[in-house]
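Enquirer: here is the input, now give the coordinates:
(one chain, ligands or ions: 1)
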Amino acid sequence: MTWNPGRYLQYEDARLRPALELLARIPLDAPATVADLGCGAGNVARRLAERWPSARITGVDADDAMLARAREATAGDARFTFVRADLAQWRAATPFDVVYSNAALHWLDGHAALFPRLARSVAPGGALAVQMPDNFDGPSHVLLEQVARSAAWRERLGARVRSRPVARPHDYFEWLAPHVAALDVWTTEYLQHLPRRDDGEHPVLAWMRGTALLPYMSALDDAAQRAFASELATGLAQAYPPRADGSVLFPFRRLFVVARR
Ligand SMILES: C[S@@+](CC[C@H](N)C(=O)[O-])C[C@H]1O[C@@H](n2cnc3c(N)ncnc32)[C@H](O)[C@@H]1O
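Expert: From the prediction side, this is the model:
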């Protein structure tokens with residue numbers, strides 16, 4: 001599976017907002033080192049540098065296209081380093097003052113072990129700050145799984161359906177509490193207003209093409225991708241009916257964790 005930075009950034013405002021709200025909750029004035037896990041195209045890493053201009057920022061990601069975009073966007077700025085690594089294996093050689101991750105860790109399984117490990121990558125007095133989509137009970141996600149498991153697609157896509165990667169807020173609290181001094185866990189549901197698209201595509205389908213659809217599309221050839229997307233679009237149009245101007249309302253829940261070592 002490969003990422004497409006241009007497509008992901010089509011909804012940059014809506015995707016950036018939770019990143020900034022997470023950042024605002026980190027109670028540190030001048031961390032020296034910051035890790036941005038699953039940094040993607042580096043657009044959030046630049047916001048981290050705006051808040052902490054003297055920090056050295058290390059972005060970690062597994063996707064070459066995303067890393068190339070991140071390096072291009074920060075070229076000539078020695079505060080940034082981008083590293084290719086799989087977060088499932090990543091360990092900090094030296095603990096960071098801030099370990100930050102926006103919209104990435106839901107791509108990994110095994111959070112009961114992952115979150116304590118990340119907490120141990122934070123220096124004493126530092127912070128772990130994570131935001132993940134928690135919209136797996138939303139119609140968009142339920143529909144995606146239903147279509148992928150239907151008779152027409154099961155053979156090609158059934159194995160791509162993951163068990164729910166994000167646990168209950170309580171679980172993160174209990175997993176992290178033994179490792180940290182202070183902990184704040186919360187959820188927010190955004191009522192996202194997605195504008196009508198000139199290409200006529202359902203806006204939620206276009207949103208999903210940037211993220212949740214990627215593992216499914218990467219298993220299909222072009223014709224099958226079109227058929228799968230069309231089937232999904234029919235269900236999405238019922239679940240998120242277009243408003244008079246063609247825009248749609250797309251409620252989207254997200255889970256936030258800020259822990260202080
Ligand atoms: C939805 S994007 C978020 C990018 C960025 N954090 C942002 O907020 O704009 C998710 C990113 O996580 C990365 N990612 C997913 N699984 C990963 C893994 N196991 N190891 C490293 N990076 C991973 C993807 O390559 C992608 O760039």
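Enquirer: flag every residue of the protein that's near the ligand.
Expert: By CB under 6 Å from any ligand atom, the part of the chain that sits against the ligand consists of 3, 15, 19, 38-40, 43-44, 61-63, 66, 86-88, 102-104, 107-108, 211. Where C-beta positions appear, they are placed from N, C-alpha and C, glycine not excepted.
Enquirer: which members of the residues you listed occur in helices, if any?
Expert: Counting by DSSP state H, the residues of the chain next to the ligand place 15, 19, 43, 44, 66 in helices.
Enquirer: looking at those residues, which is nearest residue 218?
Expert: residue 66 (14.8 Å; CB to CB).
Enquirer: all helices for the stretch 101-250 of the chain, in order.
Expert: Using DSSP state H, counting those that start in this stretch, the helices of the stretch 101-250 of the chain run over residues 111-119, 139-149, 154-157, 169-176, 203-209, 214-217, 222-239.
Enquirer: follow-up on the earlier one: of the ones in helices among the residues of the chain next to the ligand, which is the most crowded?
Expert: Of these, residue 44 is surrounded by the most neighbours, 26 neighbours in total, counting by other CB atoms under 10 Å.
Enquirer: so what's the residue in the stretch 151-261 of the chain that the ligand sits nearest to up against?
Expert: The ligand sits closest to residue 211 of the stretch 151-261 of the chain, with a gap of 5.3 Å, by CB to the nearest ligand atom. Applying CB atoms under 8 Å, 6 or more residues apart in numbering, we find residue 211 in contact with 8, 103, 133.
Enquirer: make TSV out of those residues and add pLDDT.
Expert: Listed next are these as TSV, based on pLDDT from 0 to 100:
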residue	pLDDT
8	70
103	97
133	97
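Enquirer: just the buried members of those residues?
Expert: Using 16 or more other CB atoms under 10 Å as the burial test, these include 8, 103, 133 as buried.
Enquirer: surely the second one meets residue 131?
Expert: Meaning residue 103. Yes: counting by CB atoms under 8 Å, residue 131 is a contact partner of residue 103 at 6.3 Å.
Enquirer: need the residues touching each of those two.
Expert: Common neighbours of residue 103 and residue 131 (CB under 8 Å, 6+ apart) are 18, 19.
Enquirer: what are the buried residues along stretch 17-36?
Expert: Buried residues in stretch 17-36, counted by 16+ other CB under 10 Å: 18, 19, 21, 22, 23, 26, 28, 31, 33, 34, 35, 36.
Enquirer: pick out the residue in the stretch 1-150 of the chain sitting closest to the ligand.
Expert: For the stretch 1-150 of the chain, CB to the nearest ligand atom, closest residue to the ligand: residue 40, 2.4 Å.
Enquirer: could you list every residue that touches that residue?
Expert: 3, 5, 8, 61, 63, 66, 69, 70, 103, 104.
Enquirer: pLDDT check: weakest of those residues?
Expert: Among the contacts of residue 40, residue 8 carries the lowest pLDDT, at 70.
Enquirer: on that earlier part again, can you put the helices of the stretch 101-250 of the chain in TSV and add mean pLDDT and mean neighbour count?
Expert: Below are the helices of the stretch 101-250 of the chain laid out as TSV (pLDDT from 0 to 100; neighbours: other CB atoms under 10 Å):
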stretch	mean pLDDT	mean neighbour count
helix 111-119	97	18
helix 139-149	96	18
helix 154-157	94	14
helix 169-176	98	16
helix 203-209	96	21
helix 214-217	92	19
helix 222-239	97	15
